[in-house]
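1. show me the folded form of this:
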Amino acid sequence: MGSGVDYELALKAHAVLRGEGSTVAVAESLTGGLLAAALVDVPGASATFRGSVTAYATGLKASVLGVDEGLLAVHGPVHPLVARQMAEGVRRLLGATYGLATTGVAGPEPQDGQPVGTVHLAVAGPGGTLVSSPRLSGDRATIRHGAVTAALELLVGRLPSGAPTH
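-> Okay, here's the model as predicted:
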């Protein structure tokens, strides 16, 4: 059994998704599969987790997930609209109720003029798409794990009964 904040968030997400008969799919860049792994750590995840696409190469964001090539050409892969289109793309591609996406700069070097710790997350669902752009700090591993936690928080907060009760 897992422990820690990511496990608790994933557990809550699955419980809410299961309760409403919904599913989630994930599109990852900087997190490189960590978000999908956090979701499948929960026993019974197959009831609500559809799958994931780790589109690490910029071109795959366009060719697989349907992110606008012009947007990528102008702004690069680290942009709030890229996160939005990744979430919408994976939701459509994998036939999920919700799509959850991560893109950003984990370091150690800035990318496309974006500083290390720049992260854009998005959740796409029946009610539209919500984008969050937390500023994270720390080393590469800390930023990647922070992005997973923030993405799970975004998903849980977006779910109908996922709002905090305290």
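2. let me know the secondary structure of residue 144.
-> helix (DSSP: H, G, I helix; E, B strand; the rest coil).
3. for the residue nearest to the spatial centre of the chain, helix, strand, or coil?
-> Centroid-nearest residue in the chain, with CA atoms, centre = their mean: residue 101, separated by 2.9 Å. For residue 101, the assignment made with three-state DSSP gives strand.
4. just residue 74 next, same as before
-> helix.
5. distance of it from residue 112?
-> Residue 74 is 10 Å from residue 112, where distance means CB to CB, to the nearest Å. (Each C-beta comes from the backbone N, C-alpha and C, glycine too.)
6. neighbour count: those two, which is higher?
-> Of the pair residue 74 and residue 112, residue 112 is the one with more neighbours under other CB atoms under 10 Å, namely 12 against 9.
7. for the nearest residue to residue 65 once chain neighbours are set aside, give me its contacts.
-> Among residues not flanking residue 65 along the chain, residue 89 sits closest, at 3.5 Å (CB to CB, 6 or more residues apart in numbering). Contact analysis of residue 89 by CB atoms under 8 Å, 6 or more residues apart in numbering lists 27, 64-67, 99.
8. residue 142 now?
-> Going by CB under 8 Å, 6+ apart, residue 142 touches residue 136.
9. I'd like the distance between the residue nearest to the centre of the chain and residue 50.
-> Counting by CB to CB - residue 101 and residue 50 are separated by 14 Å.
10. got it, and residue 86?
-> Here the criterion is CB to CB. By it, residue 86 lies 15 Å from residue 50.
11. more neighbours: these two, which one.
-> Per other CB under 10 Å, whichever of residue 86 and residue 50 has more neighbours is residue 86, with 31 against 18.
12. looks to me like the more buried one is in a strand.
-> No: Residue 86 is assigned helix when assessed by three-state DSSP, not a strand.
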